[in-house]
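> Sequence first, then the predicted structure, then my questions.
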Amino acid sequence: MATASPPRTPEPLPQEQRFLAALRDDDWPTPASSLSLDEVGLDGPALLELFESQLMSRHLDLEARRLQARGEGFYTIGSAGHEGNAAVARAFRPSDPAFLHYRDAAFLIERSRQRPAQAPLWDLLLSFVASRDDPISGGRHKVLGSKALNVPPQTSTIASDLPKAVGAAHGLGLCRRLGVSGEWPAESVVLCSFGDASFNHSTAQGALNAAGWAAYQGLPMPLVMVCEDNGIGISTPTPAGWIEASMRARPGFHFLSGDGLDLLDSWRAARDAEAIARQRRQPVFLHLRCVRLFGHAGSDAQQAYLSAERIAADEARDPLLVSAGLLRRHGVLTREQLAERYRAIGDEVARLAEAAIRRPKLDSAAQVMASLVPPSRPGRGQPAPARHERETAPAPMAKLINQALQRLMDGHPHLVMAGEDIGRKGGVYGVTQKLQARFGAHRVIDTLLDEQSILGLGIGLAHNGLVPILEIQFLAYLHNAEDQLRGEAATLSFFSDGQYANPMVVRIAGLGYQKGFGGHFHNDNAIAVLRDIPGLLVACPSNGADAVGLLQEAVRLADEEQRVVVIIEPIALYHRRDLQQEGDDGWCCADPGPGYRLPPGEPGQWGEGGDLAIITYGNGVLLSRQAAIALEAEGVALRIIDLRWLTGLDHDAIHRRVAGCERVLVVDECRRSGSLSEALVTGLVERGMAGERLARLTAEDSFIPLGPAATLTLPSVATILEAARRLTGRR
């Protein structure tokens, strides 16, 4: 808690002066409804508590602007005009997970009343000043969140929290069906909030569709989605009536509305929404009409796009003035007592702010990065039951992945698979065949056609203690959903100081060289979008045995170390059997068994030659092995290093593997710009490998075309031979 500090009388800001003047002049707006306390089931003390939560939120907004002006505060997107969400908080249980909009400080403050030993003003001020004592983010960002209050932090949320809220709601019933304990009680309701501008984002629309799609089929979906409609998105107005017209008849949803300026009406609507979601286990869309005061953020001059008349009209609708009128009308506080309560809370916020600015800040890169990787936890896997003997005959990659998935699902009751067509069809390439028949449609989930919803489902399931194995059908399809990894799953540990994590495994069919489907959207060789996400692990197998080892290690990493792991599975190698000639079965492998795991940073190696080392991965390993036959016949003694893991590269270990070779060739099937080869070559040069000893062969900076031209932009056996001969002086 804060140490004592001298009192400070804050200089009134214009917004504050207008509020106090309205109190003096009895210039208070009248609530749209004429509800009484008895009608809605509240009493005077409860109404006063809600008002105090509103006041705390408002004074935090004002103090944020003062701190910014002094160079002591760093975030001013506030909640002014949205403080009616305090009533929403009171309508729900503190054990109900809440994914909050950034204007929901009053919600967080009001919920803190339901848990002992909470200090919301102090905690939020520590966040404002980026102190490492901030209990949710450790000084990394101003976020609304609290582990004790079941509020995972969100950062500048533009609807990106909605898909995982849908996943979390689905996960409540799924945990019960699986017989595993979740993070939240099975009877919980999931709540998420967002603005009217965010409603139009494709992420929001995808989440709304996914929730309605599930509920329409009778699946439990205990979810309340609160749209706080203030009529404007930064400077762009929302058409009047748009939200209600869009949602009132949406299939699968109950539509409720309330006046977010009126605490009694907000409480009535929120209580009704909570009852429907909890008792019927169905989704509710709660439309709360609000007003935005003070502009979008501290630096936003709304005079540039709003008329003086519009600004004055908005200020006249201040929800705190409406609440003050309710308190007077119901005989709870007099006008003088209201003004005194307002000033007392303002003085307390100012006093705490002076103490908060003196608390320590993050002061090293190591401190900043300390929460990128979440903490470990005990693993929950058990040896798979001996339902059948392990097949020992060599098989292609797809079959070995299927066998490994069976083992993992058998031994980990909290594992759940989800993706497009992975159930009854068994996936586009048959990798998940018969798994749904074995484990049921609730554990091998056929999702709707929306990658954002697939990843969001996984994030929400992981929030509730499950470990999802998700499938993205093609690498090119990831790009419309990548923010669910970049902005949500991989950042959660960082912004929660390691208190929350989204452990999951994402299997993505990708890369080039496949026959059958063609063109860029089924042959995508761009992985840079994954490699630059801090904390994310990316693996890529070149053969079936390694695919098993990487998958089994990925599940261990997710289960025990709470990591987010992406495995890029080369489509062209799924059913590859031969190395050189048809029928040689040289690329088939025996199942290495349940104990085989390949940890991050552990490359594979073929050969011990000292003339040439080829560093590669995925399809490049097969091509290099094929090229090696001709090179060895020409007297080139070589070795091939298979990276296996494409992030978290151990450059020292790679250098040690190739240091004894005269020449090094990097073969990268991804594009020359932004490819893995850039990092590999840089790492070797930094460790003293001269330029004439080193070369790289990559794909062209091009999309992949259809038909016979599909491999023209990619490395081939011929181009590997040409590059190797040039580097070793054989031509």
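Everything's here; your move. The shown structure was predicted, so the numbers you read here are calculated from the model rather than taken from an experiment. Residues are numbered from 1 along each chain as shown.

> Counting residues, which strand of the protein comes out longest?
Ranked by residue count, the top strand of the chain under DSSP state E comes out as strand 663-671.

> Mind exporting the C-alpha coordinates of the very next helix or strand once past that one to CSV?
Where DSSP states H and E defines the elements, the next helix or strand beyond strand 663-671 is helix 676-686. Output of helix 676-686 as CSV, limited to C-alpha atoms (Å, rounded to 0.1, in the frame of the first residue of the first chain):
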residue,chain,number,x,y,z
LEU,A,676,15.3,-17.0,-41.6
SER,A,677,18.5,-17.0,-43.7
GLU,A,678,19.1,-13.3,-42.9
ALA,A,679,19.4,-14.1,-39.2
LEU,A,680,21.5,-17.3,-39.9
VAL,A,681,24.1,-15.5,-42.0
THR,A,682,24.3,-12.5,-39.7
GLY,A,683,24.8,-14.9,-36.7
LEU,A,684,27.7,-16.7,-38.5
VAL,A,685,29.4,-13.5,-39.7
GLU,A,686,29.2,-12.0,-36.1
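
> what does helix 676-686 rub up against?
527, 531, 615, 617, 643, 646, 649, 651, 654-655, 658, 664, 666, 668, 670, 691, 694, 696, 698 (Cβ atoms under 8 Å, 6 or more residues apart in numbering). To be clear about C-beta, it is placed using only N, CA and C from the backbone, and glycine gets the same treatment.

> could you redo the last one with a cut-off of 10 Å?
Helix 676-686 has contacts (Cβ atoms under 10 Å, 6 or more residues apart in numbering) with 527-528, 531, 538, 540, 615-618, 641, 643, 646-647, 649-652, 654-655, 658-659, 664, 666-672, 689-691, 693-699.

> Next SSE downstream of it?
strand 694-699.

> Now do that next one: which elements does it pack against?
Packing partners of strand 694-699 (3 or more Cβ pairs under 10 Å, 6 or more residues apart in numbering; DSSP states H and E): strand 612-616, helix 619-633, strand 663-671, helix 676-686, helix 717-728.

> quick one: it to helix 717-728, angle?
Interaxial angle, strand 694-699 versus helix 717-728 (axes from the mean of the first three to the mean of the last three Cα atoms, to 10 degrees): 160 degrees.

> Give the pairing partners of strand 694-699; include direction for each.
Take DSSP bridges as the rule and strand 694-699 pairs in its sheet with strand 663-671 (parallel).

> from the middle of its chain, how far away would the strand it pairs with be?
Strand 663-671 has its C-alpha centroid displaced from the chain centroid by 32 Å (Cα atoms, centre = their mean, to the nearest Å).

> Stretch 432-452 too?
Distance, centroid of stretch 432-452 to centroid of chain: 21 Å (Cα atoms, centre = their mean).

> Alpha carbons of that stretch, as PDB, please.
These are the backbone C-alpha positions of stretch 432-452, laid out as PDB (Å, rounded to 0.1, in the frame of the first residue of the first chain):
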ATOM      1  CA  THR A 432      -6.500 -36.100 -38.200                       C
ATOM      2  CA  GLN A 433      -8.500 -39.000 -39.600                       C
ATOM      3  CA  LYS A 434     -10.600 -41.000 -37.200                       C
ATOM      4  CA  LEU A 435      -9.600 -38.900 -34.200                       C
ATOM      5  CA  GLN A 436     -13.100 -37.400 -33.800                       C
ATOM      6  CA  ALA A 437     -14.600 -40.900 -33.900                       C
ATOM      7  CA  ARG A 438     -12.200 -41.900 -31.200                       C
ATOM      8  CA  PHE A 439     -12.400 -38.900 -28.800                       C
ATOM      9  CA  GLY A 440     -15.800 -37.400 -29.600                       C
ATOM     10  CA  ALA A 441     -16.900 -34.100 -31.300                       C
ATOM     11  CA  HIS A 442     -16.400 -32.200 -28.100                       C
ATOM     12  CA  ARG A 443     -12.600 -32.900 -28.100                       C
ATOM     13  CA  VAL A 444     -12.000 -32.900 -31.800                       C
ATOM     14  CA  ILE A 445     -14.000 -29.800 -32.800                       C
ATOM     15  CA  ASP A 446     -15.000 -28.900 -36.300                       C
ATOM     16  CA  THR A 447     -15.000 -25.100 -36.200                       C
ATOM     17  CA  LEU A 448     -16.700 -22.600 -38.400                       C
ATOM     18  CA  LEU A 449     -14.700 -21.200 -41.300                       C
ATOM     19  CA  ASP A 450     -12.900 -18.300 -39.400                       C
ATOM     20  CA  GLU A 451      -9.300 -18.400 -38.400                       C
ATOM     21  CA  GLN A 452      -9.800 -15.500 -35.900                       C
END
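
> can you pull the buried residues of that stretch?
Of all the residues in stretch 432-452, those buried under the rule 16 or more other Cβ atoms under 10 Å are Thr432, Gln433, Leu435, Gln436, Phe439, Arg443, Val444, Ile445, Thr447, Asp450, Glu451, Gln452.

> what's the farthest-apart pair in those?
The two members of the buried residues of stretch 432-452 with the most space between them (Cβ to Cβ) are Gln433 and Gln452, at 26.3 Å.

> before we move on, the earlier item: turn the helices and strands packed on strand 694-699 into JSON lines, columns for mean pLDDT, mean neighbour count and distance to Asp43.
JSON lines is the format used below for those (pLDDT from 0 to 100; neighbours: other Cβ atoms under 10 Å; distance: least, Cβ to Cβ, whole Å):
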{"stretch": "strand 612-616", "mean pLDDT": "97", "mean neighbour count": "27", "distance to Asp43": "71"}
{"stretch": "helix 619-633", "mean pLDDT": "96", "mean neighbour count": "21", "distance to Asp43": "70"}
{"stretch": "strand 663-671", "mean pLDDT": "96", "mean neighbour count": "25", "distance to Asp43": "65"}
{"stretch": "helix 676-686", "mean pLDDT": "94", "mean neighbour count": "18", "distance to Asp43": "64"}
{"stretch": "helix 717-728", "mean pLDDT": "95", "mean neighbour count": "18", "distance to Asp43": "79"}
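
> Of the contacts of helix 676-686, which count as buried by neighbour count?
527, 531, 538, 540, 615-618, 641, 643, 646-647, 649-650, 654-655, 658, 664, 666-671, 689, 693-699.

> measure Ser371 to Trp267 for me?
Counting by Cβ to Cβ, to the nearest Å, the gap from Ser371 to Trp267 is 37 Å.

> actually Pro715, not the one I wrote
Distance from Pro715 to Trp267, counting by Cβ to Cβ: 64 Å.

> Next: Gln205.
29 Å.

> So if I had to pick from the two, which one is more boxed in?
More crowded of Gln205 and Trp267, by other Cβ atoms under 10 Å: Trp267, with 25 against 16.

> Off-centre distance for the helix or strand the more buried one falls within?
Using DSSP H and E, the element containing Trp267 is helix 263-280. Averaging C-alpha positions (Cα atoms, centre = their mean) puts helix 263-280 28 Å from its chain's average.

> From the buried residues of stretch 432-452, which land in helices?
If you go by DSSP state H, the buried residues of stretch 432-452 have Leu435, Gln436, Phe439, Glu451, Gln452 in helices.
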